[in-house]
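Trainee: Sequence plus the predicted model coming up.
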Amino acid sequence: MGLENPSASSLTTEMCQFTILKGAAPVLAPRLGRLVLAGRKPISTPHFVPLTSRGTVAHLSHDVMRDQTSIASLYCGLEDFIEKDGPAVYKVPCTAQESPLRKFICMPDEITLVLGPRRAPPVPCPVPSTNNSVSILTSVGFRQLPASEWVDAVQKLRPDIVVGMADLATGTAAPGVKRRGKMVDRTHAYTRDATERLQRESSSPTATTTTTTTYFAPVLPLENTEQTIYLADLESELRPAIAGLALYESASLGVLPPALGDLPRLVFSEPATPHEVLRDISLGADLLTLPFVGALSDAGIALDFVFPSPSSSSASPSTSSTSLPLARDLWSDTYTTDVSPLSESCNCYTCRNHHRAYLHHLLAAKEMLAWTLLQIHNHAVVDAFFAAVRASIERETFESDIHSFARMYEPDFPDKTGQGPRYFSFHSSSSSSSSSFDISDYAGTKSSPQAQTRRNATQKRTVV
Amino acid sequence: MSTAPSTRKRMPSALTFELHAKCSTTKARASTLTLPHGAVPLPIFMPVATQASLKGLTPDQLKQTGCMLCLNNTYHLGLKPGQAVLDEVGGAHKLQGWDRNILTDSGGFQMVSLLKLAKVTEEGVRFLSPHDGTPMLLTPEHSISLQNSIGSDIIMQLDDVIATTSPDHARIEEATERSVRWLDRCIDAHKYPERQNLFCIIQGGLDLELRRKCCEEMVARDTPGIAIGGLSGGEAKEQFCQVVDTCTGLLPEEKPRYVMGVGYPEDLIVATALGADMFDCVWPTRTARFGNAVTAAGSLNLRQASFADDFGPIEEGCTCASCRPREQGGLGITRAYIHHVTAKETVGAHLLTIHNVHYLLTLMGSARQAILEDRFPAFLRKFFNDLYGGDSSKFPTWAVGALRGVGVDLLSS
C-alpha cells in the first residue's frame, strides 16, 4: 500500500508535539504517529483513549489501573463534575503548574487527560443546544452549559487536551437542512470564541497561570460541503490556535482538507467492532474512543481476538472454514468448570491469575469483581490489538492484515444474553431507606435507550 | 449429653498455635496461628469474602491490606457455584486465586437468618430452596462435606443457632445440647482433619451456666480451635461481654478462640481484652459501599456535603493504598473524590473497602504489638480517647464495665 514517508512531518505547539512517523497521504490513509505532551507519557498512534465515568475507568480503582493495565490516557466529560453550584473540582488547591482536574480525580502525572463538555458516548438531551450553550446531563439532570462557562472550566481545570464544544444534535433523527446549518454556525462560533479567549488569556502578561491546554477543534458529522466555511477557517485563521481535530463519525475522515492533515485526529465514531476500528484506522484515525470495551465488560463478555490472527492458531485463515468468535460470553454455562484463562493468547492480570470458571461464578453471584477483572482483560486485549496494528502499519502489511482479520473472525460480537450486571444496587441490611442507595437510579438516566430496555428486563427478572 | 469421650475418634490438627505473650493486666493474648496456607498473627480481624470475592477487590489488593485469613460463606458457595463445581475446580482457593487462608462457616447461620421458613430438627435444618422452593435439608454431615469440597483451612461445625434474645429457655437449652451432638456428627463426617481444622462453636445463649456446660462438653472433644457463637444477635453489649468473659475463662490456653460475627472496632478491642483472638464481620466492607470510612475517630459518612470540598486523605496518617500519598507509592485519594464517586461508581466502594479493611487489620496489629510489649492497658485508653475525641463521658458504659472487670479503668487518668 506504499506507505512512504521519508520526511516525517511534525506539528509542534508549545505543549504538544504530534509527529507523523509514517503515512502515505495526509488524509484517508493509515498512519503511524507519536503524540508528545509536556510531562506526559508519549502516546504512539493509532491508539485508543479509555473512557471514564466521574473521572474513573468504570470498575478500575486507581491502583488496579496503575498496576494491572497500561492505560496512558483518559477521556473525561465535564458534565460528570458540575452537578453542584461551585463544584469541588474548581476548588482543588493547586500550584500554577498543576491540573485541578488531575488532582481532583487523583490521577498521576504521566496520564494524558482529555476533557470534553460531555461524556462519551453522550446521552441524548431532550432540549436542543442554543447559539451560546449546549445541552448536558449531570447526575442531577439536564441543563445548558454556556460556551463561556465551558471555556472558564477549561482554563481552570487545565486538561492536556480539550475537545472543543460542538452542536452535535445527538439523539435526534438525522437533522434537517436548517438544523444542519445551525450546527455548523454554532460550532464555528464556539470554536472561534473559545480559541480566541484561550489564546488571548494565555498570552496576556497578567495571566496568572500558563495555559498548557491543547485544543482539538470539532469537525461536524456532516458533508464537507455543509461545513466548507468552517473548515476553511480551521485551515486559515483558526489554524494557529488548534492542535488537533475531534471527529464524530468515520465519514468525517473523508471530509478533511489535506491542509489539516498534519493534525492528530481523535475519533468518537463509536465503532461497534474491531473491524470498524480497523476501517477508521485505515481512513486515518489516530486516536479512538471505544465504548464497546466497557459495555462488553458490563455484559460479562470477554474479548478474544488478536490482530491479524492468533499466533497459536495452526489453521491459516485461508484454510479454516469457520471464523472465530471475537469474544466469549462468560455468562454461558459452558464455562462453569472451565479453568482456562479468559483468552489463551492473553497475558493480562486476569488471565494470569484467574479462569473462566471464576468469572462465570462472579457474574452469577453478581460480584463487582467480575467487572473489574473483565475491564482489565478487555482493555489489555484492545491495547495489544493497537500495538499489533501499529506494527502492521510499520511493516506495510496493514491492508492485507485487515483482510486476514476479517476472514479470521466473525463480523459481530456475540449477543448479550440479557443478564448484564451493569445496573446493580447496593443493598442495605438496615431498614432505613436513606442508608440504602441504588447506582441504577443514576446509571439508568445515563444509559442509552437499549440499555434502559435491558435494565428493565433485568429488573423484571429480579422480581420474578 | 452425647457419646462418651473414650469412644470418640482422636482428632488430628492441621494448625499450630504459638502463644507469645499475655497482657499482665487484662486477659488479652498475642499469638501466631499457623494454618495450611501460612502464618496468621493473632488477635486478628478476618474480612468476609462471602461469595469468594471481597467486594470488588482483587486477591492482590486484599493481600496488600495485610490480610492473611479471610472468610467465605458455605451457604453461598453451596448455592453458587455449587459443590460439583467446587470439586471439579479443586476448592475455593483455586476458584478465587487466593493462596492464603480461608475460614468457612457452617451455613447454619444463613439458614436461620436468611430463610424465614427454616425449621430445625435433630436431623438438621430443613428449608425451602431459594432457587425453586423444593424442601431441602442441611445436616451436619452435609455441611462438613461442603466445607471439605471448599477446602477451607478452618471449617466450622453446624450448630443450632437461635437468637440470644429468645425468651424460650427450653429451646435455648435444647439448641445447646443439640449443638454438642451435631459436633460429634461433624467430627465423624470430617474427611480431611489433617488439612482442614474443625472448630466447635460454644452455644448457650446468654445463660452463663449453659455456656459453662457447653464449654466443658466441647472442650472435651479437643477440636483444633474453638468458637464462641450465637452472639451479635441484638443482645445487650454487657451480656455479650459476660458471655465472652465466661467462656474464655473456661477455654484451654493453647487453642485459638474465635468470636463469631464481631464487629465494630470497640467490640473487637474489648473482646480482645477479654481473651478472644479472632473476629469476623461484614460491617467494614458493607459500610464502605455506603460511603462510610472507618477511622480511629469513628465512622465518617463521606457522602455528607461537608466532605465535598475536603481534599485531605480519607484518614490523615493512614498507610493504606488509598490514603498513602503518591510520593509514598500510594494513590493519594481524597475525601472529596470519594464523595464524588461514592454510590455512583463501584470504584468508590473499592477505594473505601481497601481503607476500611486495612484500618481493622492495622488496629488488630497495633493491639497485638501492645500486648507483646505489655502496654495493652495504655493502648485501650488511647483507643477510646481517640474514638470519642478525648471525652470520657462518651465512653460506652458496657465497655468501661467490661474493661474494669479485667483490671483496666478507662475513667481513671
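Mentor: Structure's in. What do you need? Numbering: from 1, shown residues only, chains lettered A, B, ... in the order given.
Trainee: Any regions of chain B where pLDDT drops low?
Mentor: Along chain B, the model assigns pLDDT under 70 to residues B:1-10, B:112, B:115-116, B:413.
Trainee: What's the nearest residue in it when you look at chain A?
Mentor: Nearest residue of chain B to chain A (CB to the nearest CB) works out as residue B:56 at 3.6 Å. In this view, the C-beta of every residue, glycine as well, is placed from N, C-alpha and C.
Trainee: Return the distance of that residue relative to residue A:125.
Mentor: Using CB to CB, to the nearest Å, one gets 32 Å for the distance from residue B:56 to residue A:125.
Trainee: so residue B:187 sits in a helix?
Mentor: Yes: assessed by DSSP: H, G, I helix; E, B strand; the rest coil, residue B:187 belongs to a helix.
Trainee: Can you name the residues of the stretch 201-350 of chain A that neighbour chain B?
Mentor: A:336-337, A:339, A:349 (CB under 8 Å from any CB of the partner chain).
Trainee: I'd like the residues you listed laid out as a markdown table, including secondary structure, neighbour count and pLDDT.
Mentor: Converted to a markdown table, these look like this (DSSP: H, G, I helix; E, B strand; the rest coil; neighbours: other CB atoms under 10 Å in any protein chain shown; pLDDT from 0 to 100):
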| residue | secondary structure | neighbour count | pLDDT |
| --- | --- | --- | --- |
| A:336 | coil | 17 | 97 |
| A:337 | coil | 18 | 97 |
| A:339 | coil | 15 | 97 |
| A:349 | helix | 19 | 98 |
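Trainee: ok, these vs chain B, which is closest?
Mentor: residue A:337 (4.3 Å).
Trainee: Number of residues surrounding the closest residue in space to that closest one that isn't next to it in sequence?
Mentor: Nearest residue to residue A:337, sequence neighbours excluded (CB to CB, 6 or more residues apart in numbering or on different chains): residue B:88, at 4.3 Å. Using other CB atoms under 10 Å in any protein chain shown, residue B:88 has 16 other residues around it.
Trainee: so which strand or helix has residue B:88?
Mentor: Assigned by DSSP states H and E, residue B:88 belongs to helix B:83-89.
Trainee: Bridge partners for residue B:154, pull those for me.
Mentor: residue B:103, residue B:197 (DSSP bridges).
Trainee: Pretty sure it sits against residue B:74.
Mentor: No: Residue B:154 is beyond contact range of residue B:74, at 11.7 Å (criterion: CB atoms under 8 Å).
Trainee: shared neighbours of these two, anything?
Mentor: Shared contacts of residue B:154 and residue B:74 (CB atoms under 8 Å, 6 or more residues apart in numbering or on different chains): residue B:104.
Trainee: Nearest to residue A:149 among the residues of the stretch 201-350 of chain A next to chain B?
Mentor: Among these, residue A:349 lies closest to residue A:149 (CB to CB), at 40.2 Å.
Trainee: residues contacting the closest one?
Mentor: A:67-68, A:373, A:376, A:380, B:58, B:60.
Trainee: what's the answer for residue B:376, then?
Mentor: Neighbour list for residue B:376: B:23, B:25-26, B:28, B:273, B:367, B:370 [criterion: CB under 8 Å, 6+ apart].
Trainee: How about the lengthiest helix in chain B and chain A, touching?
Mentor: Longest helix in chain B, counting residues (DSSP state H): helix B:346-372. Yes: contact of helix B:346-372 with chain A (CB under 8 Å from any CB) involves B:346-347, B:349-351, B:354.
Trainee: Mind checking what helix or strand follows that helix in sequence?
Mentor: Following helix B:346-372 in sequence, per DSSP H and E, is helix B:376-387.
Trainee: what's the closest non-adjacent residue to residue B:131?
Mentor: Using CB to CB, 6+ apart and skipping the chain neighbours, the partner closest in space to residue B:131 is residue B:79 (7.3 Å).
Trainee: Ok, residue A:22 next?
Mentor: Nearest non-adjacent residue to residue A:22 (CB to CB, 6+ apart): residue A:32, at 4.1 Å.
Trainee: Give me the neighbour count for the residue in the stretch 151-300 of chain A positioned nearest to chain B.
Mentor: Using CB to the nearest CB, the closest approach of the stretch 151-300 of chain A to chain B is made by residue A:298 at 10.6 Å. For residue A:298, the count of nearby residues is 23 (other CB under 10 Å).
Trainee: and it, backbone torsions?
Mentor: Dihedral angles phi and psi of residue A:298 (degrees, to the nearest 10) take the values phi -60, psi -30.
Trainee: my read: it touches residue A:371, true?
Mentor: Yes: if you go by CB under 8 Å, residue A:298 and residue A:371 touch, sitting 6.2 Å apart.
Trainee: Up against chain B, what does the stretch 1-150 of chain A have?
Mentor: So the stretch 1-150 of chain A meets chain B at A:53-56, A:58-64, A:66-68, A:81, A:84, A:88, A:91-93, A:103-106, A:108, A:139 (CB under 8 Å from any CB).
Trainee: tell me the contacts of the nearest residue to residue B:259 once chain neighbours are set aside?
Mentor: What sits nearest to residue B:259 in space, not counting adjacent residues and going by CB to CB, 6+ apart, is residue B:276, at 4.5 Å. Applying CB under 8 Å, 6+ apart to residue B:276 gives the contacts B:43, B:228, B:244, B:248, B:257-259.
Trainee: so residue B:276 sits in a helix?
Mentor: No: read with three-state DSSP, residue B:276 is coil and lies in no helix.
Trainee: Residue of chain A closest to chain B, please.
Mentor: Counting by CB to the nearest CB, chain A gets nearest chain B through residue A:368, at 3.6 Å.
Trainee: In this structure that residue contacts residue B:54, no?
Mentor: No: using CB under 8 Å as the test, residue A:368 is too far from residue B:54 to be in contact (9.8 Å).
Trainee: So these two - more neighbours on which side?
Mentor: residue B:54 (29 against 23).
Trainee: Show me the beta-bridge partners of that one.
Mentor: Here residue B:54, judged by DSSP bridges, has bridge partners residue B:57.
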